[in-house]
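> Just a sequence and a predicted model for now, questions to come.
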Amino acid sequence: MQFDKEFDASGLACPLPIVKTKKALADMASGTVLKVVATDPGSVCDMAAFAEQTGHALLEQSTENSKYVFFLKKA
């Protein structure tokens, strides 16, 4: 998937992946896509809830090499 910016949250525990994702999205233009890579299993539920609460679109989520990958489109 095409993305405009990537953020690696590997090694960060809840709630830091969400906090840092929110900060990364703040610097981006509406309609752009952020790729987030995380290792915290809790980030799967957290990222979906974050997207729903903030209006950003969670375009895709997957697991690659025991890491969780998310693509968020900024609202």
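Arrived safely.
> measure the residue nearest the centre of the chain to V69 for me?
The centroid of the chain falls nearest to V36 when counting by Cα atoms, centre = their mean (4.1 Å). With distances taken as Cβ to Cβ, to the nearest Å, V36 is found 7 Å from V69. Glycine gets a C-beta too; all of them are placed from N, C-alpha and C.
> now do A57
15 Å.
> Same check on K20?
K20 sits at a distance of 15 Å from V69 (criterion: Cβ to Cβ).
> now A38
Distance check for A38 against V69: by Cβ to Cβ, it reads 8 Å.
> do S43 as well
Taking Cβ to Cβ, one finds S43 at 10 Å from V69.
> swap in K23?
K23 is 19 Å from V69, by Cβ to Cβ.
> re the thing from before, more neighbours, S43 and V69?
S43 (26 against 16; other Cβ atoms under 10 Å).
> and that one, what pLDDT?
pLDDT for S43: 95.
> Pretty sure T32 sits against F71.
No - taking Cβ atoms under 8 Å as the definition, T32 is not a contact partner of F71, at 11.0 Å.
> In terms of neighbours, single out the busier of these two.
F71 (18 against 14).
> so T54 makes contact with K22?
Yes - with contact defined as Cβ under 8 Å, T54 and K22 form a contacting pair (7.5 Å).
> Between these two, which contacts overlap?
The contact sets of T54 and K22 do not overlap (Cβ atoms under 8 Å, 6 or more residues apart in numbering).
> where do the helices sit along this protein?
16-26, 43-54 (DSSP state H).
> phi, psi of the residue of the chain most remote from its centre?
Going by Cα atoms, centre = their mean, the residue of the chain most distant from its centre is N65, 16.9 Å out. N65 adopts backbone torsions of phi 50, psi 50, taken as degrees, to the nearest 10.
> ok, it - contacts?
Counted by Cβ under 8 Å, 6+ apart, N65 has zero contacts.
> got it, and A24?
K5, F7, L34, V36.
> Please report the distance of it from F3.
Distance from A24 to F3, counting by Cβ to Cβ: 11 Å.
> Now list whatever residues contact both of those two.
L34.
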